[in-house]
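Undergrad: Only the shape, not the letters, is given here:
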Ligand code: IMP
(Lines give C-alpha, C1' and ligand atoms only; values in the text may rest on other atoms or scores of the structure.)
Protein backbone atom coordinates (compact mmCIF):
# COMPACT_ATOMS: atom_id res chain seq x y z
CA UNK A 1 0.00 0.00 0.00
CA UNK A 2 1.47 3.36 -0.96
CA UNK A 3 0.60 7.02 -0.65
CA UNK A 4 -0.21 8.70 -3.93
CA UNK A 5 0.68 12.08 -5.44
CA UNK A 6 -1.53 13.39 -8.20
CA UNK A 7 -0.03 16.07 -10.43
CA UNK A 8 -0.79 17.64 -13.81
CA UNK A 9 1.54 16.57 -16.61
CA UNK A 10 0.78 19.40 -19.06
CA UNK A 11 -0.13 23.06 -18.34
CA UNK A 12 -2.78 22.43 -15.70
CA UNK A 13 -6.53 21.96 -16.14
CA UNK A 14 -6.05 18.27 -16.95
CA UNK A 15 -9.03 17.24 -14.83
CA UNK A 16 -7.21 16.66 -11.56
CA UNK A 17 -10.26 17.49 -9.45
CA UNK A 18 -12.24 14.53 -10.69
CA UNK A 19 -9.34 12.08 -10.44
CA UNK A 20 -8.46 13.22 -6.94
CA UNK A 21 -12.09 12.81 -6.04
CA UNK A 22 -12.16 9.27 -7.48
CA UNK A 23 -9.04 8.39 -5.47
CA UNK A 24 -10.13 10.21 -2.33
CA UNK A 25 -12.83 7.56 -1.94
CA UNK A 26 -9.95 5.33 -0.83
CA UNK A 27 -7.77 7.94 0.81
CA UNK A 28 -8.07 8.95 4.44
CA UNK A 29 -6.28 12.25 4.05
CA UNK A 30 -5.94 14.66 1.10
CA UNK A 31 -3.07 17.17 1.19
CA UNK A 32 -2.45 20.26 -0.97
CA UNK A 33 1.26 21.10 -1.10
CA UNK A 34 1.79 24.05 -3.48
CA UNK A 35 0.01 26.81 -5.35
CA UNK A 36 -2.93 28.72 -3.98
CA UNK A 37 -6.31 29.90 -5.17
CA UNK A 38 -4.94 30.23 -8.70
CA UNK A 39 -5.95 26.56 -8.96
CA UNK A 40 -9.43 25.51 -9.92
CA UNK A 41 -10.59 21.96 -9.42
CA UNK A 42 -14.08 21.11 -10.61
CA UNK A 43 -15.85 18.15 -9.07
CA UNK A 44 -19.22 16.83 -10.23
CA UNK A 45 -20.85 14.62 -7.64
CA UNK A 46 -24.41 13.35 -7.99
CA UNK A 47 -25.06 16.13 -10.46
CA UNK A 48 -23.79 18.84 -8.09
CA UNK A 49 -20.79 20.87 -9.27
CA UNK A 50 -18.23 21.99 -6.72
CA UNK A 51 -15.54 24.45 -7.74
CA UNK A 52 -12.58 24.30 -5.40
CA UNK A 53 -9.56 26.58 -5.44
CA UNK A 54 -7.73 26.26 -2.14
CA UNK A 55 -9.58 23.52 -0.36
CA UNK A 56 -8.27 20.00 -0.97
CA UNK A 57 -10.71 17.93 -3.03
CA UNK A 58 -11.23 15.53 -0.10
CA UNK A 59 -13.37 18.18 1.56
CA UNK A 60 -16.47 17.11 -0.36
CA UNK A 61 -16.34 13.60 1.09
CA UNK A 62 -17.43 12.99 4.66
CA UNK A 63 -14.87 11.39 6.97
CA UNK A 64 -11.77 12.57 5.11
CA UNK A 65 -9.13 14.86 6.54
CA UNK A 66 -8.12 17.71 4.23
CA UNK A 67 -4.78 19.40 4.81
CA UNK A 68 -3.46 22.65 3.34
CA UNK A 69 0.30 22.19 3.61
CA UNK A 70 3.06 24.68 4.29
CA UNK A 71 3.93 24.89 0.58
CA UNK A 72 0.60 26.50 -0.24
CA UNK A 73 0.14 30.30 -0.34
CA UNK A 74 -3.13 31.14 1.39
CA UNK A 75 -5.29 34.19 0.86
CA UNK A 76 -7.23 34.23 4.15
CA UNK A 77 -10.28 35.97 2.72
CA UNK A 78 -10.40 33.68 -0.30
CA UNK A 79 -10.15 30.66 1.99
CA UNK A 80 -12.99 31.82 4.23
CA UNK A 81 -15.18 32.66 1.22
CA UNK A 82 -14.55 29.23 -0.27
CA UNK A 83 -15.39 27.55 3.03
CA UNK A 84 -18.67 29.49 3.14
CA UNK A 85 -19.46 28.55 -0.47
CA UNK A 86 -19.03 24.82 0.06
CA UNK A 87 -20.87 25.02 3.38
CA UNK A 88 -23.80 26.60 1.51
CA UNK A 89 -23.71 23.52 -0.75
CA UNK A 90 -24.23 21.29 2.29
CA UNK A 91 -20.60 20.34 2.98
CA UNK A 92 -19.46 20.34 6.57
CA UNK A 93 -16.14 22.18 7.11
CA UNK A 94 -14.74 22.24 10.63
CA UNK A 95 -11.34 21.82 12.26
CA UNK A 96 -12.19 18.09 12.34
CA UNK A 97 -11.87 17.82 8.57
CA UNK A 98 -9.72 20.80 7.60
CA UNK A 99 -6.22 21.50 8.84
CA UNK A 100 -4.19 24.50 7.72
CA UNK A 101 -0.42 24.31 8.24
CA UNK A 102 0.63 26.93 10.77
CA UNK A 103 3.72 27.62 8.67
CA UNK A 104 1.86 28.28 5.40
CA UNK A 105 2.52 31.67 3.77
CA UNK A 106 -0.29 34.22 3.58
CA UNK A 107 -1.29 36.19 0.52
CA UNK A 108 -2.03 39.78 1.57
CA UNK A 109 -3.91 42.45 -0.44
CA UNK A 110 -0.59 43.94 -1.56
CA UNK A 111 0.20 40.77 -3.53
CA UNK A 112 -2.71 40.79 -6.01
CA UNK A 113 -2.36 44.59 -6.30
CA UNK A 114 1.27 44.21 -7.36
CA UNK A 115 0.54 41.14 -9.48
CA UNK A 116 -1.97 43.13 -11.56
CA UNK A 117 0.24 46.26 -11.72
CA UNK A 118 3.26 44.23 -12.86
CA UNK A 119 1.26 42.41 -15.51
CA UNK A 120 0.08 45.78 -16.83
CA UNK A 121 3.66 47.02 -16.91
CA UNK A 122 4.71 43.95 -18.92
CA UNK A 123 2.24 44.91 -21.66
CA UNK A 124 2.37 42.52 -24.61
CA UNK A 125 4.97 40.42 -22.76
CA UNK A 126 2.64 39.65 -19.87
CA UNK A 127 2.70 36.18 -18.30
CA UNK A 128 -1.07 35.97 -18.13
CA UNK A 129 -1.14 35.32 -14.38
CA UNK A 130 -4.39 34.72 -12.57
CA UNK A 131 -3.89 38.07 -10.81
CA UNK A 132 -4.27 36.40 -7.43
CA UNK A 133 -0.89 37.48 -6.08
CA UNK A 134 0.55 33.97 -6.10
CA UNK A 135 3.97 34.88 -7.50
CA UNK A 136 4.35 37.91 -5.25
CA UNK A 137 3.55 35.88 -2.14
CA UNK A 138 6.15 33.25 -3.10
CA UNK A 139 8.67 36.02 -3.76
CA UNK A 140 8.09 37.34 -0.24
CA UNK A 141 8.49 33.85 1.19
CA UNK A 142 11.87 33.38 -0.45
CA UNK A 143 12.89 36.94 0.47
CA UNK A 144 12.00 36.13 4.12
CA UNK A 145 9.45 38.93 4.22
CA UNK A 146 6.34 36.75 4.25
CA UNK A 147 3.69 36.62 6.93
CA UNK A 148 2.65 33.13 7.93
CA UNK A 149 -0.52 31.69 9.40
CA UNK A 150 1.11 31.33 12.85
CA UNK A 151 1.92 35.07 12.94
CA UNK A 152 -1.81 35.82 13.23
CA UNK A 153 -1.68 34.60 16.83
CA UNK A 154 0.84 37.31 17.78
CA UNK A 155 -0.61 40.77 16.99
CA UNK A 156 2.45 42.84 17.95
CA UNK A 157 4.80 40.67 15.93
CA UNK A 158 2.30 40.65 13.07
CA UNK A 159 2.34 44.46 12.95
CA UNK A 160 6.14 44.46 12.84
CA UNK A 161 6.09 41.98 9.97
CA UNK A 162 3.54 44.01 8.02
CA UNK A 163 5.68 47.13 8.47
CA UNK A 164 8.74 45.27 7.24
CA UNK A 165 6.86 43.94 4.23
CA UNK A 166 5.26 47.23 3.26
CA UNK A 167 8.57 49.09 3.57
CA UNK A 168 9.56 47.06 0.56
CA UNK A 169 6.29 46.92 -1.37
CA UNK A 170 5.22 50.55 -0.99
CA UNK A 171 8.35 51.66 -2.80
CA UNK A 172 7.35 49.40 -5.67
CA UNK A 173 3.71 50.48 -5.64
CA UNK A 174 4.71 54.14 -5.63
CA UNK A 175 7.17 53.58 -8.47
CA UNK A 176 4.43 51.99 -10.52
CA UNK A 177 2.02 54.82 -9.89
CA UNK A 178 -0.25 52.60 -7.77
CA UNK A 179 -1.67 53.51 -4.38
CA UNK A 180 0.53 52.72 -1.36
CA UNK A 181 -0.86 50.52 1.41
CA UNK A 182 -1.18 51.52 5.04
CA UNK A 183 0.14 49.24 7.77
CA UNK A 184 -2.95 49.87 9.88
CA UNK A 185 -5.37 48.97 7.10
CA UNK A 186 -3.56 45.70 6.34
CA UNK A 187 -3.23 44.89 10.04
CA UNK A 188 -6.93 45.60 10.76
CA UNK A 189 -8.02 43.49 7.83
CA UNK A 190 -5.86 40.57 8.94
CA UNK A 191 -6.96 40.83 12.56
CA UNK A 192 -10.61 40.79 11.46
CA UNK A 193 -10.14 37.27 10.07
CA UNK A 194 -7.35 36.01 12.36
CA UNK A 195 -9.50 33.98 14.76
CA UNK A 196 -11.45 32.34 11.96
CA UNK A 197 -8.23 31.32 10.20
CA UNK A 198 -6.46 30.21 13.38
CA UNK A 199 -9.40 27.90 14.13
CA UNK A 200 -8.16 25.65 11.30
CA UNK A 201 -4.43 26.09 11.92
CA UNK A 202 -2.19 23.40 13.38
CA UNK A 203 0.91 21.26 13.02
CA UNK A 204 0.21 19.76 9.64
CA UNK A 205 3.43 17.75 9.31
CA UNK A 206 2.63 15.95 12.57
CA UNK A 207 -0.94 15.17 11.52
CA UNK A 208 0.39 13.73 8.25
CA UNK A 209 3.05 11.72 10.07
CA UNK A 210 0.47 10.39 12.55
CA UNK A 211 -1.83 9.39 9.70
CA UNK A 212 1.04 7.65 7.92
CA UNK A 213 2.13 5.80 11.08
CA UNK A 214 -1.45 4.64 11.57
CA UNK A 215 -1.41 3.13 8.07
CA UNK A 216 -3.84 5.67 6.64
CA UNK A 217 -3.78 6.35 2.95
CA UNK A 218 -2.61 9.82 2.00
CA UNK A 219 -3.29 11.55 -1.28
CA UNK A 220 -1.12 14.54 -2.21
CA UNK A 221 -3.08 16.82 -4.51
CA UNK A 222 -1.01 18.91 -6.90
CA UNK A 223 -2.24 22.06 -8.60
CA UNK A 224 -1.35 23.54 -12.01
CA UNK A 225 0.82 21.30 -14.17
CA UNK A 226 4.35 20.16 -14.95
CA UNK A 227 5.08 22.83 -17.57
CA UNK A 228 4.02 25.59 -15.18
CA UNK A 229 6.72 24.40 -12.74
CA UNK A 230 9.15 27.21 -11.93
CA UNK A 231 12.14 24.93 -12.72
CA UNK A 232 10.83 22.47 -15.29
CA UNK A 233 8.21 24.56 -17.05
CA UNK A 234 8.19 27.03 -19.94
CA UNK A 235 10.00 29.68 -17.86
CA UNK A 236 9.24 32.58 -17.45
CA UNK A 237 5.68 31.68 -18.48
CA UNK A 238 5.17 29.57 -15.38
CA UNK A 239 3.66 29.79 -11.93
CA UNK A 240 5.94 30.53 -8.98
CA UNK A 241 5.99 27.14 -7.30
CA UNK A 242 7.35 23.69 -8.05
CA UNK A 243 4.42 21.69 -9.31
CA UNK A 244 6.25 18.35 -9.53
CA UNK A 245 5.51 15.51 -7.14
CA UNK A 246 8.82 15.99 -5.33
CA UNK A 247 7.37 19.24 -4.00
CA UNK A 248 4.77 17.21 -2.10
CA UNK A 249 7.51 16.29 0.37
CA UNK A 250 8.77 19.82 0.99
CA UNK A 251 5.34 21.43 0.74
CA UNK A 252 3.67 19.09 3.19
CA UNK A 253 6.55 18.21 5.50
CA UNK A 254 7.08 14.52 4.77
CA UNK A 255 10.06 12.50 3.60
CA UNK A 256 10.17 11.97 -0.15
CA UNK A 257 10.06 8.18 0.37
CA UNK A 258 6.52 8.60 1.73
CA UNK A 259 5.26 9.41 -1.74
CA UNK A 260 4.75 6.00 -3.25
CA UNK A 261 3.01 6.36 -6.59
CA UNK A 262 2.96 9.44 -8.79
CA UNK A 263 -0.07 9.71 -11.03
CA UNK A 264 0.20 12.27 -13.84
CA UNK A 265 -3.15 13.62 -14.95
CA UNK A 266 -3.02 14.01 -18.69
CA UNK A 267 -5.60 15.37 -21.09
CA UNK A 268 -6.10 13.44 -24.34
CA UNK A 269 -5.25 16.71 -26.12
CA UNK A 270 -3.45 19.84 -24.84
CA UNK A 271 -4.63 23.15 -23.38
CA UNK A 272 -3.00 26.16 -21.83
CA UNK A 273 -4.27 29.39 -20.24
CA UNK A 274 -2.17 32.52 -20.15
CA UNK A 275 0.78 33.34 -22.36
CA UNK A 276 3.79 31.26 -23.32
CA UNK A 277 5.00 28.69 -25.83
CA UNK A 278 2.56 25.98 -26.93
CA UNK A 279 3.99 23.95 -29.85
CA UNK A 280 0.80 22.08 -30.81
CA UNK A 281 -1.60 25.00 -30.43
CA UNK A 282 -4.32 25.10 -33.09
CA UNK A 283 -5.48 28.45 -34.40
CA UNK A 284 -8.15 26.95 -36.62
CA UNK A 285 -11.66 25.48 -36.55
CA UNK A 286 -10.35 22.21 -35.05
CA UNK A 287 -8.91 24.10 -32.07
CA UNK A 288 -12.22 25.94 -31.68
CA UNK A 289 -14.14 22.67 -31.78
CA UNK A 290 -11.92 21.02 -29.18
CA UNK A 291 -12.39 24.06 -26.92
CA UNK A 292 -16.15 24.03 -27.38
CA UNK A 293 -16.57 20.29 -26.86
CA UNK A 294 -14.17 20.29 -23.92
CA UNK A 295 -15.72 23.37 -22.26
CA UNK A 296 -12.25 24.83 -22.10
CA UNK A 297 -12.76 27.85 -19.91
CA UNK A 298 -10.73 28.40 -16.73
CA UNK A 299 -12.36 27.44 -13.41
CA UNK A 300 -10.58 30.24 -11.56
CA UNK A 301 -10.66 33.10 -14.02
CA UNK A 302 -13.17 32.07 -16.70
CA UNK A 303 -10.50 32.69 -19.36
CA UNK A 304 -10.75 30.81 -22.66
CA UNK A 305 -8.10 28.09 -22.83
CA UNK A 306 -5.83 27.71 -25.84
CA UNK A 307 -6.28 24.23 -27.39
CA UNK A 308 -4.13 21.87 -29.44
CA UNK A 309 -3.29 18.28 -30.27
CA UNK A 310 -1.72 15.84 -27.82
CA UNK A 311 1.99 16.51 -27.40
CA UNK A 312 3.73 13.24 -26.55
CA UNK A 313 7.16 14.91 -26.37
CA UNK A 314 5.95 17.19 -23.61
CA UNK A 315 4.21 14.49 -21.60
CA UNK A 316 7.17 12.09 -21.92
CA UNK A 317 9.41 14.84 -20.55
CA UNK A 318 7.01 15.37 -17.63
CA UNK A 319 7.14 11.64 -16.94
CA UNK A 320 10.94 11.56 -16.94
CA UNK A 321 11.60 14.78 -15.01
CA UNK A 322 8.64 14.48 -12.65
CA UNK A 323 8.94 10.81 -11.75
CA UNK A 324 5.44 9.95 -12.97
CA UNK A 325 4.64 6.24 -12.62
CA UNK A 326 1.45 6.16 -14.66
CA UNK A 327 -1.04 8.57 -16.15
CA UNK A 328 -4.75 9.16 -15.84
CA UNK A 329 -5.96 10.02 -19.34
CA UNK A 330 -8.86 12.43 -19.23
CA UNK A 331 -11.39 13.92 -21.66
CA UNK A 332 -11.01 11.18 -24.28
CA UNK A 333 -14.62 11.74 -25.28
CA UNK A 334 -13.79 15.26 -26.53
CA UNK A 335 -11.92 13.62 -29.43
CA UNK A 336 -14.99 11.57 -30.46
CA UNK A 337 -16.15 12.36 -33.98
CA UNK A 338 -12.92 13.68 -35.51
CA UNK A 339 -12.04 12.00 -38.85
CA UNK A 340 -8.38 12.09 -37.99
CA UNK A 341 -6.37 12.94 -34.93
CA UNK A 342 -2.82 14.23 -34.79
CA UNK A 343 -0.23 13.41 -32.19
CA UNK A 344 3.02 15.33 -31.81
CA UNK A 345 5.87 12.79 -31.75
CA UNK A 346 8.91 15.07 -32.06
CA UNK A 347 9.87 18.69 -32.72
CA UNK A 348 11.88 20.32 -35.43
CA UNK A 349 14.24 23.10 -34.39
CA UNK A 350 16.15 24.95 -37.11
CA UNK A 351 15.77 21.96 -39.42
CA UNK A 352 16.89 19.36 -36.84
CA UNK A 353 14.55 16.80 -35.32
CA UNK A 354 14.64 16.79 -31.50
CA UNK A 355 12.84 14.62 -28.96
CA UNK A 356 12.65 17.02 -26.00
CA UNK A 357 11.44 20.52 -25.13
CA UNK A 358 14.48 22.80 -25.10
CA UNK A 359 14.84 25.17 -22.13
CA UNK A 360 15.42 28.37 -24.11
CA UNK A 361 12.34 30.56 -24.54
CA UNK A 362 13.60 31.54 -27.98
CA UNK A 363 13.96 27.89 -29.04
CA UNK A 364 10.57 27.01 -27.53
CA UNK A 365 8.97 29.71 -29.66
CA UNK A 366 10.68 28.41 -32.80
CA UNK A 367 10.11 24.67 -32.56
CA UNK A 368 7.66 23.08 -34.99
CA UNK A 369 5.69 19.99 -34.02
CA UNK A 370 6.22 16.81 -36.04
CA UNK A 371 2.88 15.00 -36.24
CA UNK A 372 1.73 11.44 -36.83
CA UNK A 373 -1.85 11.32 -38.04
CA UNK A 374 -4.10 8.54 -36.86
CA UNK A 375 -7.66 7.55 -37.74
CA UNK A 376 -10.39 9.01 -35.55
CA UNK A 377 -13.52 7.26 -34.34
CA UNK A 378 -17.18 8.06 -34.91
CA UNK A 379 -18.67 6.14 -31.98
CA UNK A 380 -18.66 7.73 -28.59
CA UNK A 381 -16.37 6.90 -25.73
CA UNK A 382 -18.33 9.22 -23.45
CA UNK A 383 -19.48 7.61 -20.23
CA UNK A 384 -17.64 4.32 -20.96
CA UNK A 385 -16.95 2.28 -17.84
CA UNK A 386 -15.16 -0.66 -19.44
CA UNK A 387 -12.76 -1.20 -22.33
CA UNK A 388 -15.51 -3.04 -24.22
CA UNK A 389 -17.43 0.23 -24.45
CA UNK A 390 -14.52 2.14 -25.98
CA UNK A 391 -14.39 2.36 -29.81
CA UNK A 392 -11.53 0.23 -31.21
CA UNK A 393 -9.76 3.23 -32.77
CA UNK A 394 -9.89 5.06 -29.43
CA UNK A 395 -8.27 2.05 -27.74
CA UNK A 396 -5.54 2.21 -30.39
CA UNK A 397 -5.07 5.91 -29.58
CA UNK A 398 -4.57 5.08 -25.89
CA UNK A 399 -2.06 2.33 -26.68
CA UNK A 400 -0.17 4.61 -29.05
CA UNK A 401 0.08 7.29 -26.39
CA UNK A 402 1.39 4.76 -23.84
CA UNK A 403 4.10 3.72 -26.26
CA UNK A 404 5.14 7.30 -27.03
CA UNK A 405 5.22 8.57 -23.45
CA UNK A 406 6.82 5.39 -22.07
CA UNK A 407 4.32 5.06 -19.22
CA UNK A 408 1.09 3.15 -18.70
CA UNK A 409 -2.39 4.62 -18.66
CA UNK A 410 -3.44 3.67 -15.13
CA UNK A 411 -6.83 5.27 -15.32
CA UNK A 412 -9.10 6.44 -18.13
CA UNK A 413 -11.73 9.12 -17.56
CA UNK A 414 -14.62 9.29 -20.03
CA UNK A 415 -16.84 12.05 -18.59
CA UNK A 416 -16.83 14.52 -15.69
CA UNK A 417 -18.88 12.04 -13.63
CA UNK A 418 -16.65 10.22 -11.17
CA UNK A 419 -18.24 6.85 -11.99
CA UNK A 420 -17.27 7.17 -15.66
CA UNK A 421 -13.75 5.97 -14.99
CA UNK A 422 -11.88 2.85 -16.04
CA UNK A 423 -9.21 1.78 -13.57
CA UNK A 424 -6.38 -0.35 -14.93
CA UNK A 425 -3.91 0.12 -12.12
CA UNK A 426 -4.85 1.12 -8.58
CA UNK A 427 -2.26 3.75 -7.58
CA UNK A 428 -2.72 2.94 -3.86
CA UNK A 429 -1.83 -0.70 -4.56
CA UNK A 430 0.92 -0.26 -7.14
P1 LIG B 1 -0.03 32.61 -11.48
O2 LIG B 1 0.05 31.25 -10.91
O3 LIG B 1 -1.34 33.30 -11.19
O4 LIG B 1 1.16 33.45 -11.13
O5 LIG B 1 0.00 32.47 -13.09
C6 LIG B 1 1.16 32.03 -13.78
C7 LIG B 1 0.77 31.15 -14.98
O8 LIG B 1 0.21 29.94 -14.50
C9 LIG B 1 -0.29 31.77 -15.89
O10 LIG B 1 -0.04 31.35 -17.22
C11 LIG B 1 -1.58 31.13 -15.41
O12 LIG B 1 -2.56 31.10 -16.41
C13 LIG B 1 -1.08 29.73 -15.07
N14 LIG B 1 -1.91 29.06 -14.05
C15 LIG B 1 -1.95 29.31 -12.74
N16 LIG B 1 -2.80 28.47 -12.12
C17 LIG B 1 -3.30 27.67 -13.06
C18 LIG B 1 -4.19 26.56 -13.03
O19 LIG B 1 -4.70 26.14 -11.98
N20 LIG B 1 -4.46 25.97 -14.23
C21 LIG B 1 -3.87 26.38 -15.37
N22 LIG B 1 -3.01 27.39 -15.44
C23 LIG B 1 -2.72 28.03 -14.30
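TA: Done, it's in. Just so it is clear, the structure is predicted and the values come from calculations on it, not from any experiment.
Undergrad: Tell me the confidence at the residue of the stretch 1-150 of the chain found nearest the ligand?
TA: Residue nearest to the ligand within the stretch 1-150 of the chain: residue 12 (2.8 Å; Cβ to the nearest ligand atom). (Each C-beta comes from the backbone N, C-alpha and C, glycine too.) Confidence at residue 12, expressed as pLDDT, is 94.
Undergrad: One more: residue 1?
TA: 66.
Undergrad: Can you name the residues in contact with the helix or strand containing residue 393?
TA: Taking DSSP states H and E as the definition, residue 393 sits inside helix 392-405. By Cβ atoms under 8 Å, 6 or more residues apart in numbering, the residues outside helix 392-405 that reach it are 266, 268, 310, 312, 315-316, 319, 327, 329, 332, 335-336, 341, 343, 345, 374-377, 381, 387, 390, 408-409, 412.
Undergrad: are any of the residues you listed buried, and which?
TA: Among the contacts of helix 392-405, those classed as buried by 16 or more other Cβ atoms under 10 Å are 266, 268, 310, 312, 315-316, 319, 327, 329, 332, 335-336, 341, 343, 345, 376-377, 381, 390, 409, 412.
Undergrad: Need the per-residue pLDDT for the closest residue to residue 194 other than its chain neighbours.
TA: The shortest distance from residue 194 to any non-neighbouring residue, by Cβ to Cβ, 6 or more residues apart in numbering, is to residue 152 (4.1 Å). At residue 152, the model reports a pLDDT of 98.
Undergrad: what does residue 300 give?
TA: Note for residue 300: predicted pLDDT of 70.
Undergrad: Give me the nearest residue to it, chain neighbours excluded.
TA: The nearest residue in space to residue 300 (Cβ to Cβ, 6+ apart) is residue 40, at 3.9 Å.
Undergrad: Next: residue 224.
TA: Among residues not flanking residue 224 along the chain, residue 12 sits closest, at 4.3 Å (Cβ to Cβ, 6+ apart).
Undergrad: Could you check how far the residue lying closest to residue 282 once chain neighbours are set aside is from the ligand?
TA: Distances taken as Cβ to Cβ, 6+ apart place residue 308 nearest to residue 282, at 4.9 Å, with adjacent residues excluded. Noted for residue 308: a distance of 15 Å to the ligand, by Cβ to the nearest ligand atom, to the nearest Å.
Undergrad: Residue 308: neighbour count?
TA: A count of nearby residues for residue 308, using other Cβ atoms under 10 Å, gives 22.
Undergrad: thought it was touching residue 270?
TA: Yes - assessed by Cβ atoms under 8 Å, residue 308 is found in contact with residue 270 at 4.7 Å.
Undergrad: which neighbours do those two share?
TA: Residues touching both residue 308 and residue 270 by Cβ under 8 Å, 6+ apart: 278, 280-281.
Undergrad: Residue 373: what secondary structure?
TA: Three-state call for residue 373 (DSSP: H, G, I helix; E, B strand; the rest coil): strand.
Undergrad: all helices in the stretch 1-150 of the chain, in order from the N-terminus.
TA: Counting by DSSP state H, counting those that start in this stretch, the stretch 1-150 of the chain has helices at residues 16-24, 76-88, 110-122, 134-142.
Undergrad: Mind checking those helices for the one nearest to residue 299?
TA: In terms of Cβ to Cβ, the element of the helices of the stretch 1-150 of the chain nearest to residue 299 is helix 16-24, at 8.1 Å.
Undergrad: Give me the helices and strands touching the closest one, please.
TA: Using 3 or more Cβ pairs under 8 Å, 6 or more residues apart in numbering; DSSP states H and E as the contact test, the elements touching helix 16-24 are strand 4-8, strand 41-45, strand 218-221, strand 261-267, strand 326-330, strand 409-413, strand 421-423.
Undergrad: Kindly calculate the angle that it makes with strand 326-330.
TA: 120 degrees (axes from the mean of the first three to the mean of the last three Cα atoms, to 10 degrees).
Undergrad: Can you name the residues of the stretch 151-300 of the chain that neighbour the ligand?
TA: 223-224, 228, 237, 239-240, 273-274 (Cβ under 6 Å from any ligand atom).
Undergrad: May I have the phi/psi pair for the residue of the stretch 1-150 of the chain closest to the ligand?
TA: Dihedral angles of residue 12 (phi, psi; degrees, to the nearest 10) stand at phi 90, psi 170.
Undergrad: so it touches residue 273, yeah?
TA: Yes - contact between residue 12 and residue 273 holds when scored by Cβ under 8 Å: they sit 7.3 Å apart.
Undergrad: Who has more neighbours out of these two?
TA: residue 12 (31 against 22).
Undergrad: Who are the contact partners of that one?
TA: By Cβ under 8 Å, 6+ apart, the contact set of residue 12 is 39, 223-225, 228, 272-273.
Undergrad: Repeat the analysis, applying 6 Å as the threshold.
TA: Counting by Cβ atoms under 6 Å, 6 or more residues apart in numbering, residue 12 makes contact with 224-225, 228.
Undergrad: Also residue 418?
TA: Neighbour list for residue 418: 18, 21-22 [criterion: Cβ under 6 Å, 6+ apart].
Undergrad: The longest strand along the chain: which residues count as buried?
TA: When the chain is parsed with DSSP state E, its longest strand is strand 340-349. Judged by neighbour count using 16+ other Cβ under 10 Å, the buried positions of strand 340-349 are 341-347.
Undergrad: Show me the two of these that sit farthest apart.
TA: 341 and 347 (18.6 Å).
Undergrad: Tell me the secondary structure at residue 186.
TA: When classified by three-state DSSP, residue 186 comes out as helix.
Undergrad: Does it touch residue 163 like I think?
TA: No - assessed by Cβ atoms under 6 Å, residue 186 is found out of contact with residue 163, at 9.5 Å.
Undergrad: Of these two, which one has the most company?
TA: Neighbour totals were compared for residue 186 and residue 163, and residue 186 leads with 21 against 12 (other Cβ under 10 Å).
Undergrad: What confidence value was assigned to that one?
TA: pLDDT at residue 186 comes out at 96.
Undergrad: quick one, what contacts it?
TA: Residue 186 neighbours (Cβ under 6 Å, 6+ apart): residue 162.
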